[in-house]
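> what's the 3D shape of this:
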Amino acid sequence: MKIIQRALENVLINSIQDNKVLVLVGARRVGKTELVKKVVSKLNKPALVLNGEDEDTHDLLKQKSARNYQKLMGSIQLLVIDEAQAIPNIGAKLKLMVDSIDGIQIIATGSSVFDLNNQLGEPLVGRKKTFMLYPLAQMEFKAEENYVETTSKFQERLIFGGYPELEQFDNWDDKQQYLKEQVSSYLLKDILAFEGIRKRDKIVSLLRMLAFRAGSEISLEGIGRDLQMSKATVDRYLDLLTKVFIIHKVSGFSRNLDNEITKISKWFFYDNGIRNALINNFNPMNLRNDQGILFESYVLSERLKFQEYTRIHSSNYFWRTHTKQEIDWIEDRGGQLYGYEVKWNLKKKVKIPPLWKKAYPQAEFKVISPDNYLDFIGG
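Have a look, this model is predicted:
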């Protein structure tokens, strides 16, 4: 299988610090473990690598004392804990290590931001730096292929997404099988681990509903009625799905107009392959009626990767008015606004909405299409 260098590799190497915790989060199977192995190899210093889902690791760290951890580390300079969220009270344990072992460097990975935020948040205030790893990004493929190769693989990536292990498969059937297995074996693992989440069928139904309605404005009350769940339960499930990196929420933007919609959100999948596995549709683009949403979802998830890996600080929204003027993607970067309309088919000329132009005359506006999307996503 071709190994593609991850965009975060050098960033992580340059970010590692004595007596600090470097936290790497992301969905299962996006390559966190392999990336950390590469980082450890390049750092080339004595390291201890532990798996948070291994009971032996729990036993090693169970006794929370500076003496125990100093004895455990010995002459080791770098500690790596994979799936750290599985270790009880991990935040307090890591805090004790960085406070009591001079020069120690720690890398912790996790597939659940819910657990890691709860466990690492308060204990490690001022002692950690967090990065997110996504499925493979076009900006990572760019280093391995030329423009012709990128163009030839474009529609396939719209359908199958970017999970790294897909690179070992040459035919579509194997890719489909992998993604279906990903959904059935891994995708729900972290969600169902949460206390009180026992209704697997409800979670699957919600995910499928989101897959069919990806990119559309969604009412929690409406979903609740369709799935026979309370609004509060729907909201809770959506929050969990966000925190295990399956979906992401885009809220409505407003600064000036009473006419602007802000109370309804849109939801997108981080990866089109997962979305298509949920609805069991891997048809080629010319046989689909969801080409527009596949392109929009792909472009926006790739844009999030680009923002993360290049450390662009942006608050992201969509914009819509009650008179149905809209823009797909708004970036607020330090007060400067950028509006982007994402269009798969440009048969109709796209113009800047008059209300947007009037309300935000200093904002930039651009149409993103298959002709220019690579510039937008760093590919």
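> so what touches the helix or strand G224 falls within?
Using DSSP states H and E, G224 sits in helix 220-227. Helix 220-227 is contacted by residues K202, S205, L206, M209, M229, S230, K231, T233, V234, D235, L238 when judged by Cβ atoms under 8 Å, 6 or more residues apart in numbering. Placement of C-beta: from N, CA and C, glycine included.
> do you know the pLDDT at the fifth one?
Confidence per residue is given as pLDDT, and for M229 that number is 89.
> three-state assignment of it?
Recorded secondary structure, M229: coil (DSSP: H, G, I helix; E, B strand; the rest coil).
> how close does it sit to W267?
16 Å (Cβ to Cβ, to the nearest Å).
> same check on the first one?
K202 sits 16 Å away from W267, going by Cβ to Cβ.
> in terms of neighbours, single out the busier of the two.
W267 (21 against 16; other Cβ atoms under 10 Å).
> who touches P354 in this structure?
Each residue near P354 by Cβ under 8 Å, 6+ apart is listed here: Q325.
> please read the previous query as pertaining to Q155.
Neighbouring residues of Q155 by Cβ under 8 Å, 6+ apart: P284, M285.
> try it again at 6 Å.
Going by Cβ atoms under 6 Å, 6 or more residues apart in numbering, Q155 touches M285.
> G103 is in what secondary structure piece?
G103 belongs to no helix or strand, assigned by DSSP H and E.
> skipping its backbone neighbours, what lies nearest it in space?
For G103, ignoring the flanking residues on the chain, the nearest one in space by Cβ to Cβ, 6 or more residues apart in numbering is D18 at 4.9 Å.
> ok, that neighbour - how many residues close by?
D18 has 12 neighbours, counted by other Cβ under 10 Å.
> per-residue confidence at I90?
At I90, the model reports a pLDDT of 90.
> can I assume it is in contact with A84?
Yes: judged on Cβ atoms under 6 Å, I90 makes contact with A84 at a distance of 5.1 Å.
> rounded mean pLDDT for whichever strand or helix holds W319, please.
According to DSSP H and E, W319 maps onto strand 315-320. Taken as a whole, strand 315-320 has a mean pLDDT of 95.
> before we move on, what about stretch 70-81?
The average pLDDT within stretch 70-81 is 95.
> any idea which helix or strand comes after the helix or strand bottoming out on mean pLDDT in the chain?
Within the chain, no helix or strand scores below helix 113-120, which has a mean of 63 by mean pLDDT, DSSP states H and E. Next helix or strand after helix 113-120 toward the C-terminus (DSSP H and E): strand 128-132.
> got the contact list for that next one?
Here strand 128-132 makes contact (Cβ under 6 Å, 6+ apart) with L8, S15, V21, L22, V23, L24, V25, G26, E308.
> in its sheet, what does that strand sit against?
Taking DSSP bridges as the criterion, strand 128-132 sits next to strand 20-25 (parallel) in its sheet.
> from the chain's centroid, how far away is the strand it pairs with?
Remark: strand 20-25 is offset 16 Å from the chain centroid, using Cα atoms, centre = their mean, to the nearest Å.
> stretch 315-331 too?
22 Å.
> in that stretch, which residues are buried?
Residues of stretch 315-331 classed as buried under the neighbour-count rule (16 or more other Cβ atoms under 10 Å) are 316-321, 325-331.
> before we move on, back to that, of I90 and A84, which one has the most company?
Set I90 next to A84 and count neighbours by other Cβ under 10 Å: A84 wins out with 31 against 23.
> what sits against the more buried one?
G52, I90, A108, G110.
> recalculate using a threshold of 10 Å.
Shown in contact with A84 (Cβ atoms under 10 Å, 6 or more residues apart in numbering): 21, 23-25, 50-53, 57, 90-91, 93-94, 106-112, 115-116, 119-120.
> same deal with E149?
Contact analysis of E149 by Cβ under 10 Å, 6+ apart lists F141.
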